[in-house]
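> Turn this into a structure:
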Amino acid sequence: MDGKKGMILVGAIVGVLAAALVRFGNPVNMGICIACFIRDTAGALGLHRAGVVQYIRPEIIGIVLGAWLMSLKGGDFQVRGGSAPFTRFILGVFVMIGALVFLGCPLRMILRLAGGDLTAIFGLLGFTAGILVGVAFLNRGFTLQRTYSLPKSEGCLFPAVQIALLVLLLTAPAFIFFSSEGPGSLHAPIWISLIAGLVVGGAAQRSRLCMVGGIRDVILFKDGHLISGFLTILAVAFIGNLITGNFKLGFSGQPVAHTDWLWNFLGMLLVGFGSVLLGGCPLRQLIMAAEGNIDSVITVVGMLVGAAFAHNFGLASSAAGATANGKIATIIGLAVAAGLGFLHMERSAGASLKGEVTVGS
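Residues are numbered from 1 along each chain as shown. Below is the predicted model:
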């Protein structure tokens, strides 16, 4: 899947699967959403008790296992870690909070646009602005320093956890929570979701699909290779929504969305900024974690904890808009991200080349 044609093919696959998952039962404009699905899984594990968003999402399991298997096949499974893990954890927490203020990850932002949700435009503008801020930090010497080789067994633990989650999903023990109403109750059949995740994970691993890297490359290098995948997702999902009758153009009344444009913008500003510092968007973090990057595993754990915080402390938005606590948390998140950015900034010549924090790497 090398080259622009390969990236377009990957985008078409993801777009078709996202539309198909909605057709089979996933929430509208939420065929695949990394932030929402990690949030739902956190709820199923009892990390938060928001009853409407509790379900172990097979798509996340499939994405990780698909990327893991593909990385083993392609020789990309290289276990490494030790690059400012707690900083990554904190950034992961705030990236998730920003995403749940907006109500979606960068991938869902594209799917919302494909469904006619014009409120996602403000999210896209904020996400782009956040990437620009993050790139400015990279250019001034931001680095989380190098990673170190670790035993291969360490890299297999994250896929093993996904298999354990699949067992819990299939057996449904009493200590696992499942929504009886709301978005968490809406889902495609388990095996359809799992297979879709496996395909998306494998395709994203081979293509290095990353929304952050795509926008960065267009702005800085006029290179449309990575962004072509997301443009294809937009086009294909748009066609799929038209065919299935799920396209609704407008600002109001959109599914699992709100019209508070400022906080749509600022929530995704935090996601874009944090993702650049982390080296990739939430989808890319999952893929890198599956490839053996333990620092990305820590980031994903941070996102899981961030999802729990968001619902336990009233930070997540609803159709009524952003909450007061969510607004405060977003501002704090931007300040923390900037503070960590300055803390890890090296001002010596060529400092930005010394670490291994490259967007979408």
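> quick one: which helix or strand includes Leu47?
Assigned by DSSP states H and E, Leu47 belongs to neither a helix nor a strand.
> Give me the nearest residue to it, chain neighbours excluded.
Using Cβ to Cβ, 6 or more residues apart in numbering and skipping residues adjacent in sequence, the residue nearest Leu47 is Ala308, 3.9 Å away. Heads up, the C-betas are built off the backbone N, CA and C, glycines and all.
> And the stretch of helix or strand the one you found belongs to, what does it pack against?
Under the criterion of DSSP H and E, Ala308 resides in helix 294-312. Contact analysis of helix 294-312 by 3 or more Cβ pairs under 8 Å, 6 or more residues apart in numbering; DSSP states H and E lists helix 34-44, strand 80-81, helix 85-102, helix 152-171, helix 282-290 as its packing neighbours.
> Go ahead and produce CSV holding the CA coordinates of that helix.
The C-alpha coordinates for helix 294-312 follow below in CSV (Å, rounded to 0.1, in the frame of the first residue of the first chain):
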residue,chain,number,x,y,z
ILE,A,294,5.3,1.0,24.6
ASP,A,295,5.3,4.8,24.8
SER,A,296,2.2,4.7,22.6
VAL,A,297,0.7,2.0,24.9
ILE,A,298,1.2,4.5,27.8
THR,A,299,-0.5,7.2,25.7
VAL,A,300,-3.5,4.9,25.0
VAL,A,301,-3.7,4.1,28.7
GLY,A,302,-3.7,7.9,29.3
MET,A,303,-6.6,8.2,26.9
LEU,A,304,-8.5,5.5,28.7
VAL,A,305,-8.0,7.3,32.0
GLY,A,306,-8.9,10.6,30.3
ALA,A,307,-12.2,9.1,29.2
ALA,A,308,-12.9,8.0,32.8
PHE,A,309,-12.1,11.5,34.1
ALA,A,310,-14.3,13.1,31.4
HIS,A,311,-17.4,11.2,32.5
ASN,A,312,-16.7,11.0,36.2
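> residues of that helix that come out buried?
For helix 294-312, a neighbour-count test (16 or more other Cβ atoms under 10 Å) marks 294-311 as buried.
> Let me know the next secondary structure element after it.
Immediately after helix 294-312, counting by DSSP H and E, sits helix 324-343.
> ok, residues contacting that following helix?
For helix 324-343, contacts defined as Cβ atoms under 8 Å, 6 or more residues apart in numbering pick out 87, 90-91, 94, 97-98, 100-101, 134, 137, 142, 263, 266-267, 269-270, 273-274, 277, 310, 313-317, 322.
> now stretch 151-171
For stretch 151-171, contacts defined as Cβ under 8 Å, 6+ apart pick out 41, 44, 56, 58, 60-61, 64-65, 68, 77-79, 81, 176, 190, 194, 289-292, 294, 297, 300.
> who are the neighbours in contact with the residue nearest to Leu47?
Ala42, Leu47, His48.
> Show the contacting residues for Ile287.
Ile63, Ala67, Gly201, Ala204, Gln205, Arg208, Leu209, Gly280.
> do the same with Gly306
Counting by Cβ under 8 Å, 6+ apart, Gly306 touches Gly92, Val93, Phe94, Val95, Met96, Ile97, Leu100.
> May I see the residues you listed arranged in a markdown table, with neighbour count as well?
Shown next, in a markdown table, are these (neighbours: other Cβ atoms under 10 Å):
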| residue | neighbour count |
| --- | --- |
| Gly92 | 27 |
| Val93 | 25 |
| Phe94 | 26 |
| Val95 | 30 |
| Met96 | 34 |
| Ile97 | 28 |
| Leu100 | 29 |
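> wait, which of those is closest to Gly224?
Using Cβ to Cβ, Val95 comes nearest to Gly224 of the contacts of Gly306, at 24.9 Å.
> Check the closest one and give its pLDDT.
Each residue has a pLDDT score; the one for Val95 is 98.
> Surely it touches Met303?
Yes - Val95 is within contact range of Met303, at 6.4 Å (criterion: Cβ atoms under 8 Å).
> Give me the common contacts of the two.
Counting by Cβ under 8 Å, 6+ apart, the residues touching both Val95 and Met303 are Pro282.
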